[in-house]
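Colleague: everything below, folded, please.
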Amino acid sequence: MLVRPARHEGQLVILEHTSKVLADNPLGDPCVRRVPVWLPRQYHAGRGKRRFPVVFDLTGYTGSGWAHVAWRSFDESVPEQAERLISERKMGPMIIVFPDCFTALGGNQYINSSAVGRYADYLIRELIPLVDGEFRTLASREHRGCFGKSSGGYGAIVHGMKYARHWGAIADHSGDAYFDFIYPPYWPSALNELGRYRKPARKPGRYSVEKATARLSPGIDDGRIGRFLAHIRARKNPNHNEVMALMMLAMAATYDPAPSAPNGFKIPFDLETGERIESRWKRWLAHDPIFMVKEHRQNLKSLSGIFIDCGWRDQFNIHYGCRRLSRELTRHNIAHVYEEFNDSHSSIDYRMDVSLPFLYRALKP
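Modeller: Numbers count the residues shown, from 1 in each chain. Take a look at the predicted model:
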C-alpha cells in the first residue's frame, strides 16, 4: 500500500494487488493493478474507528481510474471535487475507489466477456473484498454504490440490474443505451478504417461484389481486423478514426464474444457491403439496458437510489437512450431520478456535483 500526498485534504492511498480473475485474460492485459482509493479527511479524525460508505468510480471508454485522481488544468480532480462537496456540506464523507479497468481494446463495459476479460467479477469478487478488508468501510451493499459516465455509466446501471446484492445505489451519467440508435452510425467509418487492412488491397477498376463477399463468413474476421488490432498495439498515438473503429470492436468483443472466432468475437456488419447481420445484432441487443429492465426489475427496485442524467446535446445521441431507459423504469414502477442538462457528452464531470450527494444520501448510515 502506497500513500501519496495530494492537493485535497483527504488522503490518496494506492492499493497494488495481483488479480486472479484477470490472470490469463484473452487480451494479455496486466493482472497486476494499482488502484487509487481516496479517504476523506474525516477518516483519520478522532480515534479512527468510524466507518464510511464507499463508492466505485467507473470511468468511460479510453479512461482509467487514474485519470480521475490526476491534476487537471482549470478543473478539479474527483477527490478535490468530493472534498469541496463535503466542505460545502452538500454531502457527508465517503470513500471513493478508482478501479483501473483499461484494456488493449481501449476499455470495457464492466461486464464479463470471454473476449475481453471478467471485469464484472473483477469488481465484485476481488475489488470489493479488497477495499473492505483494507479500509473502514460500511461493508454491506446498503452502503456501497457505483457511478460512472459513458461506458462507466453503462457499467453502473448494468451492475445495478445484475449485481444488486453488491450495490445499494448507482449513478449513470450518459451511459450507453438504445443500441439501435447510437451504435450503427459509427460502423461505416469503422468499416472504412478496417478496409485499409484488407488483403488483397483494393484497386481502382471493376469490382465484383459477389466475389468479394463470397469469401466472407457472416461476422467473421477475414484477417483485416487482426491486422488493424496489431497496428493499434504497435502504435503509440492512434488517431480519431482509429480510436472510433477500435471502440466499435471493443463493443463487439463485449457484446458478442465467440471463443472459436478469430480475435475471440464476431461483428454485426458485413465487412464489404456494410449489411447488418441480424443474428449477430440480436446478441448486442441482449445487453441493451432498455431491454434489460423488465428481467431485472426486482433487483432495480431493491436499490435505494438510481440517478441517471444526460446532456441534450450529447454528440453520441445517448440522451435518446437515457430517455427510453427512464421510460422503461417508470413503466415498471422503478423509482429513479432522471435529469437532462444543456451540454454534450464531453467534459461533464461537474455533474458529479449532483450525483455524489445523491449517492451519499442513498448510502449513508
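Colleague: contacts, neighbours, all on C-alpha from now
Modeller: Fine.
Colleague: surely residue 37 is in a helix?
Modeller: No - applying DSSP: H, G, I helix; E, B strand; the rest coil, one finds residue 37 to be strand, outside a helix.
Colleague: that one and residue 79 touch, don't they?
Modeller: No - taking contacts as C-alpha atoms under 8 Å, residue 37 lies outside contact range of residue 79: 9.4 Å.
Colleague: touching both of the two, which residues are there?
Modeller: Residues touching both residue 37 and residue 79 (C-alpha atoms under 8 Å, 6 or more residues apart in numbering) are residue 96.
Colleague: can you count the residues close to residue 230?
Modeller: 11 (other C-alpha atoms under 10 Å).
Colleague: in three-state terms, label it for me.
Modeller: Classification of residue 230 by three-state DSSP places it in helix.
Colleague: also residue 146?
Modeller: strand.
Colleague: pull the contacting residues for it.
Modeller: Residue 146 touches 55-58, 156, 167, 169-171, counting by C-alpha under 8 Å, 6+ apart.
Colleague: what about 7 Å?
Modeller: Residues near residue 146 by C-alpha atoms under 7 Å, 6 or more residues apart in numbering: 55-57, 156, 169-171.
Colleague: and those residues, which is closest to residue 208?
Modeller: residue 156 (46.2 Å; C-alpha to C-alpha).
Colleague: quick one: the closest one and residue 167 touch, right?
Modeller: No - counting by C-alpha atoms under 7 Å, residue 156 stays clear of residue 167, with 9.4 Å between them.
Colleague: among the contacts of residue 146, which are in strands?
Modeller: Members of those lying in strands (criterion: DSSP state E): 55-57, 169-171.
Colleague: what residues does stretch 89-98 touch?
Modeller: 35-40, 42, 52-57, 65-66, 85-86, 357, 360.
Colleague: about what we covered before: compare residue 156 and residue 167 (neighbour count), which wins?
Modeller: residue 156 (30 against 27).
Colleague: and residue 110, what's its pLDDT?
Modeller: Looking at residue 110, its pLDDT is 98.
Colleague: burial check on it, number of neighbours?
Modeller: Residue 110 has 26 nearby residues by other C-alpha under 10 Å.
Colleague: how about residue 147?
Modeller: By other C-alpha under 10 Å, the residues close to residue 147 number 28.
Colleague: ok now do it, which residues does it touch?
Modeller: By C-alpha under 7 Å, 6+ apart, residue 147 lies in contact with 56-58, 153, 156, 170-172.
Colleague: check residue 315 too.
Modeller: The neighbourhood of residue 315, defined by C-alpha under 7 Å, 6+ apart, consists of 344-345.
Colleague: confirm that it sits in a strand.
Modeller: No - the assignment for residue 315 is coil, going by three-state DSSP, so no strand is present there.
Colleague: shared neighbours of residue 156 and residue 167, anything?
Modeller: Between them, residue 156 and residue 167 share no contacting residue, judged by C-alpha under 7 Å, 6+ apart.
Colleague: what are the pairing partners of the helix or strand encompassing residue 13, and which direction each?
Modeller: Per DSSP states H and E: residue 13 is located in strand 11-18. Applying DSSP bridges to the sheet, strand 11-18 is found paired with strand 2-4 (antiparallel), strand 32-39 (antiparallel).
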